[in-house]
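In: structure for the following, please:
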Amino acid sequence: MKNILFISPTGTLDNGAELSIIQLMALLQEKGYRIINVVQDGASQFRSDYEKEMSSRGITLYSISLAKWWWPEAPGGIINDMETATLEYQNAIFRIKDIIHEEKIDLVISNTVNVFLGAIAASLSNTPHYWLIHEFPEDEFSYYKTKIPFVAEMSNAIFTVDGNLKEVWQKLVPDKEIQGFIPYTRVTPKKELSQGEKTRFVSIGRINERKNQLALLKAYHQLDRQDIELCFIGPWDDEYKNLCDEYIQKNSLMNVQFLGYQNNPWDLVTDKDICVFPSKTETFGLVYIEAVLNGLPVIASDNLGHKTVQQLFKLPRLYPAAEITQLKQQMADSLEIFNDKKVEAIYYQSHVLKRYAPEVAYQNIVAQIEDGDRQANQSMQAIEFLLTGVTRKTKLEILGRKLSQFLTRIRQRME
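Out: Numbering: from 1, shown residues only. Model (predicted):
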């Protein structure tokens with residue numbers, strides 16, 4: 001039996017990279033592999049659901065405590081003290097290295113370009129390492145362009161979401177074969193969605209700049225049909241949600257609902273709903289596929305990820321992401337000929353169900369695991385990472401400073 005260690009990016013169930021690779025874990029388990037998973041330690045309203053998911057599948061879950069799990073330049077928090085952060089990174093690498101040894105790991109898989117500690121630990125442990133890439137090197141993820149040589153050197157195999165992202169990566173790393181996969185989401189379409197009383201526009205996903213819900217609010221305002229409810233389902237980034245709230249208040253939009261995070265958002269969707277996904281960027285668009293699999297009419301922007309889905313499954317045309325007027329027009333058309341759109345949606349549901357299965361989605365990854373080169377990719381970059389940035393003297397200084405701060409807080413509490 002092979003033991004496979006995954007390095008996961010968030011330890012939550014609120015993003016496509018996590019949801020899709022849980023299905024890869026499940027597929028590998030069915031084939032007899034033992035799965036171990038490592039995430040950053042941290043309290044989150046979504047962490048308990050993730051832990052329950054891991055436990056229910058019999059996946060061993062480790063948590064490692066450090067301030068930032070991703071690259072220093074990546075989104076998700078700013079590092080103010082790089083010396084301390086480097087020390088934490090190094091400690092995390094050695095903890096992962098210990099896990100590789102204790103669990104007798106045969107392969108390490110880093111899920112998303114943002115996590116890198118497992119690649120270094122694998123190299124130091126003489127263990128093969130695969131990298132799964134979900135993100136285009138643009139917008140919030142443009143930072144990783146400088147990391148591409150490192151990713152290439154630290155990988156026995158690189159897999160990206162099939163389609164446009166694979167083409168981009170093959171051009172970036174022409175000397176290495178880039179293999180594709182299709183993110184899989186296990187949606188069991190309901191025999192019958194809940195019966196709705198009236199048609200609504202529904203958008204599912206995290207409320208943030210990348211998902212671009214403000215564009216949908218602007219199109220809804222132009223549509224001027226406040227008798228039609230606009231419903232957002234998903235957690236949010238506070239700053240962006242405030243922008244949405246300000247727009248709603250400024251334009252007196254009265255029929256907009258934010259329902260927050262839902263463990264199963266499709267329980268809140270009805271057979272009368274129209275799904276709208278206005279994202280600026282997506283790598284694939286799992287929620288887009290989920291809507292199709294549930295037999296719902298869909299309006300989606302033409303970002304590269306949605307284009308990949310549309311091309312792979314030959315779905316209806318997309319609207320230009322920057323064109324709010326065209327989004328408004330598609331919303332108006334969908335209302336006017338809703339019954340025709342519903343018939344079309346049921347056809348595409350059947351069409352996609354025949355082609356969308358984990359065995360097909362992850363066939364390249366599974367084949368590489370079963371037949372690939374077992375030799376580890378030992379890299380001097382891994383050694384250099386550990387030898388630079390923080391000297392022994394600096395480590396002692398940091399530890400001394402931390403101890404002094406701790407003792408000061410204790411004295412203050414006693415006074």
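In: shaky segments in this structure?
Out: Scanning the chain for pLDDT under 70 picks out 1, 43-45, 187-191, 372-415.
In: and if we set it to 80?
Out: Applying pLDDT under 80 to the chain flags the ranges 1, 42-46, 76-77, 185-192, 283, 372-415.
In: following the longest strand along the chain, which helix or strand shows up next?
Out: The single longest strand within the chain, with elements called by DSSP state E, is strand 34-40. Using DSSP states H and E, the helix or strand that follows strand 34-40 in sequence is helix 47-56.
In: contacts for that following helix?
Out: 11-13, 18, 22, 37, 39, 60-61, 263 (CB atoms under 8 Å, 6 or more residues apart in numbering). Where C-beta positions appear, they are placed from N, C-alpha and C, glycine not excepted.
In: likewise for stretch 72-79?
Out: So stretch 72-79 is contacted by 67-70, 82, 85, 114, 140-141, 143-144 (CB under 8 Å, 6+ apart).
In: wait, which of those is closest to residue 227?
Out: residue 140 (36.3 Å; CB to CB).
In: surely the closest one meets residue 237?
Out: No. Residue 140 is beyond contact range of residue 237, at 11.3 Å (criterion: CB atoms under 8 Å).
In: burial measure for residue 319, as a count.
Out: By other CB atoms under 10 Å, 22 other residues sit near residue 319.
In: any idea how far residue 283 is from residue 23?
Out: Per CB to CB, to the nearest Å, residue 23 is found 16 Å from residue 283.
In: neighbour count for those two, which is higher?
Out: residue 283 (25 against 16).
In: list the contacts of the more buried one.
Out: Residue 283 touches 16, 134-136, 161, 165, 183, 304-305, 308, counting by CB under 8 Å, 6+ apart.
In: quick one: it is in a strand?
Out: No. Judged by DSSP: H, G, I helix; E, B strand; the rest coil, residue 283 forms no part of a strand; its state is coil.
In: would you list the phi and psi of it?
Out: Main-chain torsions, residue 283, degrees, to the nearest 10: phi -80, psi -30.
In: now it: how far from residue 55?
Out: Distance from residue 283 to residue 55, by CB to CB: 28 Å.
In: ok, now residue 83?
Out: 37 Å.
In: so for those two, which sits in the more crowded spot?
Out: residue 83 (16 against 11).
In: buried sites along stretch 339-346?
Out: 341-342, 344-345 (16 or more other CB atoms under 10 Å).
In: helices - which of these land there?
Out: 341-342, 344-345 (DSSP state H).
In: turn the residues you listed into CSV, columns for distance to residue 173.
Out: Formatted as CSV, those follow (distance: CB to CB, whole Å):
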residue, distance to residue 173
341, 41
342, 44
344, 39
345, 38
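In: check those and tell me the two furthest apart.
Out: Those two in those that are separated most widely, counting by CB to CB, are 342 and 344, at 7.2 Å.
In: contacting residues around the helix or strand containing residue 217?
Out: Assigned by DSSP H and E, residue 217 belongs to helix 213-223. Defining contact as CB under 8 Å, 6+ apart, one finds that helix 213-223 is touched by 201, 203, 207, 230, 232, 240, 243-244, 247-248, 251, 253, 256, 276, 278, 301, 321, 324-325, 327-328, 331-332.
In: strands - which of the residues you listed land there?
Out: Going by DSSP E, the strands hold 201, 203, 230, 232, 256, 276 from the contacts of helix 213-223.
In: quick revisit: mind checking which of the contacts of helix 213-223 are buried?
Out: Among the contacts of helix 213-223, those classed as buried by 16+ other CB under 10 Å are 201, 203, 207, 230, 232, 240, 244, 247-248, 256, 276, 278, 301, 321, 324, 327-328, 331.
In: show me where the stretch 151-300 of the chain has its helices.
Out: 164-172, 213-223, 238-250, 286-293 (DSSP state H, counting those that start in this stretch).
In: with distance to residue 316 as added columns, please give those helices in CSV.
Out: As requested, the helices of the stretch 151-300 of the chain are exported to CSV (distance: least, CB to CB, whole Å):
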stretch, distance to residue 316
helix 164-172, 18
helix 213-223, 18
helix 238-250, 27
helix 286-293, 10
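In: right, so of these, which gets closest to residue 27?
Out: Across these, closest to residue 27 is helix 286-293 (CB to CB), at 16.1 Å.
In: who are the packing partners of that closest one?
Out: Judged by 3 or more CB pairs under 8 Å, 6 or more residues apart in numbering; DSSP states H and E, the packing partners of helix 286-293 are helix 16-30, strand 200-204, strand 274-277, strand 298-300, helix 304-313, helix 338-353.
In: isn't residue 266 right next to residue 294, touching?
Out: Yes. Judged on CB under 8 Å, residue 266 makes contact with residue 294 at a distance of 6.0 Å.
In: isn't there a strand covering residue 105?
Out: No. Under three-state DSSP, residue 105 sits outside any strand and is assigned coil.
In: wait, doesn't it sit right on residue 99?
Out: Yes. With contact defined as CB under 8 Å, residue 105 and residue 99 form a contacting pair (7.1 Å).
In: who touches both of these two?
Out: The contact sets of residue 105 and residue 99 overlap at 5, 36 (CB under 8 Å, 6+ apart).
In: for those two, work out which one has more neighbours and name it.
Out: Neighbour count, other CB under 10 Å: between residue 105 and residue 99, residue 105 has more, with 23 against 20.
In: and the more buried one, how far from residue 90?
Out: Taken as CB to CB, the span from residue 105 to residue 90 is 19 Å.
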